[in-house]
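> need a structure here:
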Amino acid sequence: MALDESNNTDKKYSINGIEVIISEKDQNHVDSFMIDYVNDYRGKGLTIQSAGAC
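Numbers count the residues shown, from 1 in each chain. Got it, this is the predicted structure:
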């Protein structure tokens, strides 16, 4: 996964007011991902977790 420019085959979603763009080839891999923002003693930023991950 990477931050990238979108193209014509990408799928666009609006989730809780945030626009998410997923490439068609990655769609099956990210269906169960959870994106979260954390701000704790380790730092702050986005985290991405797969369902069932520890």
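> you'd agree Lys12 is up against Ser23?
No: in this structure, Lys12 is not within contact of Ser23 by C-beta atoms under 8 Å, at 11.0 Å. (Glycine included, C-beta is placed from N, CA and C.)
> so those two - more neighbours on which side?
Each of Lys12 and Ser23 has its neighbours counted (other C-beta atoms under 10 Å); Ser23 has more, 16 against 9.
> ok, and the closest non-adjacent residue to that one?
Leaving aside its chain neighbours, Ser23 sits nearest to Asp10 (5.3 Å; criterion: C-beta to C-beta, 6 or more residues apart in numbering).
> contacting residues for the one you found?
Contact analysis of Asp10 by C-beta atoms under 8 Å, 6 or more residues apart in numbering lists Ile21, Ile22, Ser23, Glu24.
> relative to Glu5, which of these is nearest.
Of all the contacts of Asp10, Glu5 sits closest to Ile21, with 9.3 Å by C-beta to C-beta.
> for that closest one, give its distance to Ile15.
The gap separating Ile21 from Ile15 is 11 Å, by C-beta to C-beta, to the nearest Å.
> more neighbours, the two?
Counted by other C-beta under 10 Å, Ile21 and Ile15 do not tie: Ile21 has more neighbours, with 13 against 8.
> which residues touch Asn11?
Quick fix: residue 11 is Lys, not Asn. Lys11 touches Ile21, Ile22, Ser23, Glu24, Gln27, counting by C-beta under 8 Å, 6+ apart.
> 10 Å instead, please
Shown in contact with Lys11 (C-beta atoms under 10 Å, 6 or more residues apart in numbering): Val20, Ile21, Ile22, Ser23, Glu24, Asp26, Gln27.
> just confirm the fifth one contacts Val30, I think it does.
Okay, so that is Glu24. No: using C-beta atoms under 10 Å, Glu24 is not in contact with Val30; the gap is 11.3 Å.
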